[in-house]
Structures are given as C-alpha cells and as structure tokens.
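J.: Structure for the following, please:
(2 chains)
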Amino acid sequence: MEKVIGEFDKDQRELIHLLHEIQKQFGYIPAHMISQIARQLKISESEIFGVLTFYKAFTLKPRGKHLITICVGTACHVRGAPKILDEFKRELSIEPGETSEDNLFTLEAVNCVGACALGPIVIIDGDYHGQMKTREVDKLIKICRQKNGKR
Amino acid sequence: MDEFDTSKLDKIRAEVSESRLKQKTCITICGGTGCHAYGCLKVAEVFKEEIKRQNLQNKVDVRTTGCHGFCERGPIVVIQPEGIFYQRIQLNDIKEVISETIINKKILDRLLYIDPRTEEKIVYEKDVPFYKKQERIVFGNNGFIDPTNIKDYIALDGFKALVKVLFDMTSEEVIDEIKASGLRGRGGAGFLTGKKWEICREENSEKKYIICNADEGDPGAYMDRSLLEGNPCCVIEGMIIGAYAIGASQGFIYVRMEYPLAVKNVTLAIEQAKKLGLLGKSILGSEFQFDIHIFKGAGAFVSGEETSLMASIEGRRAFPKQRPPFPAQEGLWGKPTNINNVETWANVPLIINKGAEWYSQIGTKKSKGTKIFSLVGKINNTGLVEVPMGIKLKEIIYDIGGGIKDNKKFKAVQTGGPSGGCIPADKLDLPIDFDTLTKAGSMMGSGGMIVMDEDTCMVDIARYFLEFSQEESCGKCVPCRVGTKQLVEILTHITRGEGVEGDIKKLKDLAKSVKEGSLCGLGQTAPNPVLTTIRYFRDEYEAHIKEKSCPALVCKDLIVYSIEPEKCVGCLLCLKSCPVGAITGERKKIHIINQELCIKCGACFEVCPPKVAAVLKYTGKKRDRILKKDLKQRAKE
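T.: Got it, this is the predicted structure:
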C-alpha cells in the first residue's frame, strides 16, 4: 500500500492519478489511506476527501463480486432503460450505487456507454447484454448466483 | 537533419504501400465499441486463424479498424479493395466468407445489407444508403486504419500537414489559415477556433498549454470516442499543429474514464509518435518541442466544462471558475491555455492539407465544414454520421437514418444533450448549423441526436434531463444547485399526476432564473430541455396536469396495463413472465391482471405476441374505469 502511494510525486496534480491507482488495485479507497496520501502529496485530508467524494469513479466501500452496470443514457432511456433499472432494483433490493448484503452484486447506473444501437443495454462484469427486456433481468441475476453456487 | 527526418515519413509511406500491394485483399473488421459489444474481437481472431490455416497470409491482410459508423449492423466486415460490405457477421460465417468471397470471388447474399425501402440487396459499402448522403472527410479514414499502428495513418498521408506547418509556415500563417477556414469549435459553443488560438498566442507567457477535451459526457453522443479510438493520430497531429501555432510546449488529452479503449489507443499512438520523433524534443528535426500527456477523468459531467476540466487536471474538484479571466489568459496553473474538443483538433490537419478555401466551401455561410452526429434512439439505422453543415434534419433522419423504428410516428429529435432541446416534426426542414439550432431553442452541443417517437413522453424526457443536470451540478453556485432541484421536483410531481395549475408558469420563471444566474455552461443551459418541451409540446404538459393522463403512455403513475378479454387467447405467456404473480388465468382461459399487485414493469406487454396484442396500456379516464372495475372484482372475491 505504501509502495503504491510512494511512487507518486509530492504534488496535488498527482491526486486523481493516485486515487485511480488505489481504486484499481483495491477496488475501493480504504479510508485509513487518506492520511498517508495527504502526507505524500502535502495536502490536507479534507481536500482529498472532497475530491474523492466529488468524482463517481471512487468509492469508500468495497464493491460486490459482480458489477452490474445499467446504461441510463438518453438513447437507452427512450428505449425503456428505466424499466430495466427498476427491475434490477426490485430483484436485488438495492439502489444504484449500493451493494447487496451478501456482497455479490453492486448496482450502478451510468450515463451512456456509447453502444446506443444495442439499447437498452446492461453490462455485467464487462459482458454486454443488448436489447434487454424486463423478463431477462431475473435470468441474468440467476446466472451470476449460480456461478457462486447460490440459488 | 530536416530532410532526413521528413524522408523517414516518406519511407514509411512507401514501405506500407508496397506491402499493401502484395496483400491485395484486406479484410477490415470494425473495432468500434458498438461492434465490440457485438463480439467483433472474436470475429477478427477467427478470421486471422482461418487465413493462417489456409495459408493465405501473404495474399490477404486482416485488419481491425476504427469505427465504421453503422453500429446498427455490427459486427461489420468490409473487404477491400472492392469495398464489399458484410453485416451482422457471425463466427460460423467466416469459413465461407474466405472460401467463397476471398478465394472464389463470389458474393454471399445472406450477409449483405438489405435496403428496407426497396428490399434490394446492396453489395458495396459506398452504395449503402446510410453512407450515401454523408461526407466523411474527418471520419472516413477510420475504416482503413488500424488505430494501434501509426504507420497506417502515415500511409494515408498522415503528418503531411505537420511537415508543411513546421517547414513552410509561420505560426501566424497557420492561425490565418484556420481563421480563413471558418472552423468553429465542435464541443458545443461554436467559438471560432482560429480566433481562440490567436488570443492565446498573443498572451505573453513563457509557458502555455493546450488541451484536447475528450470528456464527452452528453448521454447519447460518442463521436469523439470513435475518433480517439479509431484514428487517434489525426487528433494528435491537430494538437501538434495547434501547439506550434500557439507556442505551447505541453498538451493534455482529458479522456472520460468510461472510454478505456480510447485511453489505450491514444496512449499507444503517443508512444509510437514519440519513437518516430513526432513528439518530444526537436520534432522532425525542427526546433519545435511539444509533448502530450493523457489525463483520465474520474466521472463528473461538469468536468467537460473548460474551467472545471482544468481544475480536475490540477488534482482538484471539478469546479468551474468565473470568467474573465478566460483560459486563454489564465488557464491551467494560471498559464495561458487553449482548449478544443476532439473533433475540432481532428479537423485541423485536413484544413492545412487541403487549404482553407476548400474547407470553407463545405457547409453554410456561418458554419463551415462537416459535423459528426451520433444518430440514436428510436431510429432504424443507429450510428455515427458525418454530414456537411446545412443538411436538413429530415435528410439525416429519413435518408441516412432510414426513418423511425417499427414504423412508428416521429415526435421529436433531441440535440445538444442535457444542454439542448427537443425539436418537433414541423421543424424537420431546418438546415442544421450552430445558429439555426440555437434559434430553435436547442443547440449543436457535441452532436448527440436522439430520435423520439410517439411512445416518448416529453414531460418525462424533460424530467430525465433535469434530473441528470441536477445530479451532475457541482453545487458551487446557488441558481444551478437549488434551481435544478426545484425544476426536477415540479416535473416529478407532474409526471406522477400531482401537477397543479400554474406549474407551467412556475417552470418557465424558474428556468429563466437558472439560465441567467448560473456560473457556468451547465446551469446556463440546463433548463433548455424544459423550455423547448413546453414551447413545442405544451399540450402534453397540460394533459398530465389537467387530465392526469400521459398521452404517450410512459409515466408509470398515470397508466395501467390491462388484458383485453376479446383478444386474449389464454397462452400463459404473460402469466409466466410476470415477476410478481399479478396475473391469474389458465390455458385457453382469459387472463386477468390484479391491479393492486401489478408493479407496471411491462413484462406482460413485451411478451404478448404482436398478432394477439391483448395486453394494452391505458391512461386518463379509461385507466380510472379499469381501476374501479378491478376494485369491485376483488371486493367480490
């Protein structure tokens, strides 16, 4: 952990690069690392907290095993993305940005992934599922659960 | 030294064209993100394996290229030099493509695109109606270039403009040329690019920066990404030329983090350019030095605004700044900074190569050149289209876009993303340029064009965009932070059937205040979707408020799903698809929806076969009647 932080220059301009790197390696920004970052970059902890909560890329909580990304860009919206999102919310009992209690799923709503021809589109762990229908939501969740030996 | 370095480029050009002569046939596979989602990487892999297996490597080249634009029909394969266009290609088609088309020169009918209007099968890419009215001067090379190989770009006269600028032109001449071309910023506002460069050039400072804004945040717009992914070198060349004209020694490309492929391809292109001496110290042996760094955004829409973007590069929250001073005077770290959008930079080498006079002949009086739009939504041919400015909206939607999906009725087209507005059917004859769109209450924006049909509720769309802007508002200034929140609340009430008389006036007044009082472009334009929908679709607002009905049958709280007893064939499809068990019935017996349990997810509506079409949506008085009947029915039970 110290090694990751130590590789960066002592300057605020490195902050976002650094946060990206930590998010990539740990899957979230552990809160106790903030003071170390502050010492390395010679800026205040509140400044870092401000930046990391401002941008959507960074989370202070670990993400679930499966990341479900639902495109709610305009093209997907007019093709029925809200219904798909509602169905995921209902099936998983979580809101976008939250992780299910069993830590299996994190639900995320994003603005446009640029695959508008396939809308409404859902990305699960990097796999694209295009032209989604409400009734397919349950199937996709089941597949993930089965991979983890749960029903 | 000069001669040596430029001759190196000529040598690469000669080398590449020689090898291309040997490999007469080239199978190009579209590698844009749209086709990625369809699985084009696997297609390319299998093509390569098969070519190797049949020992054809010396005759046939397989190249994964940038985006071809016609995303609707992916994965797309074009066989050059003939330009044979195969669409929706599957893995099991590949063997036959090689044995039939490549070896026996026979066309495979089933892979051809069929023009839905004439039902004619089309063999060549250039004859596909989607491409016919386009003028692909910026985007056209995408389909020929492997973006991971800088030599492909060089072979197509890449960096010729840079050589011309470095050795034959002064920085003033470059700026004059760009000014004469009439190029306006493609990021949305449409400021004259040459003028912007000049202001920054005239600033007296040792250090100057230039930035390429690739934080393409408008939902439904992805042309910048396709350029960066598909032809990163043209953007890089544009930036080097700009840096030379302005006198900047350092450049940044700020890429949205949602675009990993763009980040990868640009990083690679920069590395390759450095190796060839096209970036770094003494570029091509001249005295000019310039370097480009990539900055990955972190997911904030507001960072597309220029001053916010600079704050983000500095490692701070993406808060906009009061202007003046403008970035050209005090930008990144307080130094003069010039910022342009991806597409603007990509136009630069073209203007230098072909001349301002040629460029200024394309387009309208005040908007020159072409513009790339992403045509999406309820349209038959989703994709990226590059058209000359001044083309009519109608031509884009019907001739290029092939009309509305499922033969529905056109309702509106939304341009300019969350900052733009909705343009109704009677304005389809509008020639598109910066000024006409602004006059219609919308804007060019970065070029998203979202087509909406009769099934789109305009109040819901206004609410959608406002919710977007409200969520993305950075919170620095009050009109934007509080104003957008209030707008969303009023709109949400209306879509829930809780709207009251006077809401429309309240929306208009508030919209005006937010527009006038906000600090940056986000707030100043955020009310546009509300204002244009009120201007053109006031009747829909009134239906929601007065009759508590949603004419487009979208707003959940104002509709019900119901099964028509006369039409239901008792097939059990809807019953099985209902996630909450709200439908009762037996095989060959009429099914009924329990309105109390129904969550209005629409699954039953989707599965009911179109021939039967027994599940229908209702709003207004009919909805009330159905709910009343349902209550009675359950009271009986």
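J.: close enough to count as contact, residue B:587 and residue B:572?
T.: Yes. Between residue B:587 and residue B:572 there is a contact under CB atoms under 8 Å: 5.8 Å. In this view, the C-beta of every residue, glycine as well, is placed from N, C-alpha and C.
J.: Which one's more surrounded, these two?
T.: Set residue B:587 next to residue B:572 and count neighbours by other CB atoms under 10 Å in any protein chain shown: residue B:572 wins out with 15 against 9.
J.: which ones are touching residue B:268?
T.: B:147-148, B:232 (CB atoms under 8 Å, 6 or more residues apart in numbering or on different chains).
J.: Of these, which is the nearest to residue B:188?
T.: The shortest approach to residue B:188 among those belongs to residue B:232, at 21.8 Å (CB to CB).
J.: what's the pLDDT at that closest one?
T.: Note for residue B:232: predicted pLDDT of 97.
J.: any idea how far it is from residue B:397?
T.: Going from residue B:232 to residue B:397 by CB to CB, to the nearest Å gives 30 Å.
J.: and residue 18, how many neighbours does it have?
T.: With no chain named, the answer covers chain A. Residues near residue A:18, counting by other CB under 10 Å, number 21.
J.: ah, I was thinking of chain B
T.: Residue B:18 is flanked by 9 other residues according to other CB under 10 Å.
J.: cool, and residue B:333?
T.: Residue B:333 has 12 neighbours, counted by other CB under 10 Å.
J.: And the strands in chain A, which stretches?
T.: A:66-71, A:105-110, A:122-124, A:127-129 (DSSP state E).
J.: any chance of those strands in JSON lines, with mean neighbour count too?
T.: Shown next, in JSON lines, are these (neighbours: other CB atoms under 10 Å in any protein chain shown):
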{"stretch": "strand A:66-71", "mean neighbour count": "23"}
{"stretch": "strand A:105-110", "mean neighbour count": "21"}
{"stretch": "strand A:122-124", "mean neighbour count": "20"}
{"stretch": "strand A:127-129", "mean neighbour count": "16"}
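J.: and of the ones you listed, who's closest to chain B?
T.: strand A:127-129 (3.8 Å; CB to the nearest CB).
J.: what lines up beside the closest one in the sheet?
T.: Strand pairing for strand A:127-129, determined by DSSP bridges: strand A:122-124 (antiparallel).
J.: Please work out which residues outside the partner strand touch it.
T.: With CB under 8 Å, 6+ apart as the test, strand A:122-124 has contacts from A:66-71, A:84, A:88, A:113, A:128-129, A:132, A:140, A:144.
J.: pLDDT score for residue B:33?
T.: For residue B:33, pLDDT reads 83.
J.: And it, how close does it get to chain A?
T.: 5 Å (CB to the nearest CB, to the nearest Å).
J.: tally of neighbours for that residue?
T.: Burial of residue B:33 is recorded as 24 neighbouring residues (other CB under 10 Å).
J.: which residues touch it?
T.: A:113-115, B:67, B:222, B:225-226, B:229, B:259, B:261.
J.: mind listing which of the residues you listed are in helices?
T.: Members of these lying in helices (criterion: DSSP state H): B:225-226, B:229, B:261.
J.: Quick check: of those residues, which lies closest to residue B:163?
T.: Using CB to CB, those come closest to residue B:163 at residue B:229, 25.6 Å.
J.: tally of neighbours for the closest one?
T.: Counted with other CB under 10 Å, residues neighbouring residue B:229 total 26.
J.: what pLDDT does it get?
T.: Looking at residue B:229, its pLDDT stands at 93.
J.: Tell me who's in contact with it.
T.: So residue B:229 contacts B:31-33, B:66-67, B:147, B:259, B:261-262, B:265 (CB under 8 Å, 6+ apart).
J.: And the longest helix along chain B, what does it pack against?
T.: Longest helix in chain B by number of residues, with DSSP H as the criterion: helix B:2-22. If contacts are counted by 3 or more CB pairs under 8 Å, 6 or more residues apart in numbering or on different chains; DSSP states H and E, helix B:2-22 sits against helix B:150-155, helix B:160-168.
J.: By average pLDDT, which secondary structure element in chain A comes out worst?
T.: Lowest by mean pLDDT, DSSP states H and E among the helices and strands of chain A is helix A:2-6, with a mean of 82.
J.: Tell me the residue of the stretch 451-600 of chain B that sits nearest chain A?
T.: With CB to the nearest CB, the shortest gap between the stretch 451-600 of chain B and chain A falls at residue B:577, namely 4.5 Å.
J.: doesn't residue B:604 make contact with that residue?
T.: Yes. With contact defined as CB under 8 Å, residue B:577 counts as touching residue B:604 (6.0 Å).
J.: neighbour count winner among those two?
T.: residue B:604 (27 against 21).
J.: how about that one, what does it touch?
T.: Residue B:604 sits next to B:561, B:563, B:574, B:577-578, B:583, B:593, B:615 when contact means CB under 8 Å, 6+ apart.
J.: and the residue most central in space within chain A, what are its bridge partners?
T.: Relative to the mean C-alpha position of chain A, the nearest C-alpha, by CA atoms, centre = their mean, is the one of residue A:108, at 5.7 Å. Beta bridges link residue A:108 to residue A:69, judged by DSSP bridges.
J.: tell me the contacts of it?
T.: Residue A:108 touches A:67-70, A:96-97, counting by CB under 8 Å, 6+ apart.
J.: Export the residues you listed as TSV, with columns for distance to residue B:622 and pLDDT.
T.: Putting the contacts of residue A:108 into TSV (distance: CB to CB, whole Å; pLDDT from 0 to 100) gives the following:
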residue	distance to residue B:622	pLDDT
A:67	42	93
A:68	36	96
A:69	38	95
A:70	32	96
A:96	34	94
A:97	38	91
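J.: Identify the bridge partners of residue B:377.
T.: Note on residue B:377: beta-bridge partners by DSSP bridges are residue B:451.
J.: And for the one 10 residues further on?
T.: Listed beta-bridge partners, residue B:387: residue B:371 (assigned using DSSP bridges).
J.: neighbours of it, just the number please.
T.: Residue B:387 has 21 neighbours, counted by other CB under 10 Å.
J.: list the contacts for it?
T.: B:133-135, B:370-371, B:373, B:395-396, B:400, B:432.
J.: Quickly note the distance from residue A:51 to residue B:388.
T.: 43 Å.
J.: wait, I meant residue B:367
T.: Distance, residue B:367 to residue B:388, by CB to CB: 10 Å.
J.: higher neighbour count, these two?
T.: When neighbours are counted by other CB under 10 Å, residue B:367 and residue B:388 differ, and residue B:367 comes out ahead with 24 against 20.
J.: what's near enough to touch the more buried one?
T.: By CB under 8 Å, 6+ apart, residue B:367 lies in contact with B:182, B:184, B:190, B:389-390, B:433-435.
J.: same thing but at 6 Å, please
T.: B:389, B:433-434 (CB atoms under 6 Å, 6 or more residues apart in numbering or on different chains).
J.: Lowest average confidence across the strands of chain A, which one?
T.: Among these, strand A:127-129 scores lowest, with a mean of 90.
J.: I'd say residue B:75 and residue B:34 touch.
T.: No. Between residue B:75 and residue B:34 there is no contact under CB atoms under 6 Å: 9.1 Å.
J.: So which of these two has more stuff around it?
T.: Per other CB under 10 Å, whichever of residue B:75 and residue B:34 has more neighbours is residue B:34, with 32 against 25.
J.: Please enumerate residues in contact with stretch B:91-102?
T.: Residues from elsewhere that reach stretch B:91-102, judged by CB under 6 Å, 6+ apart: B:46-47, B:50, B:106, B:108.
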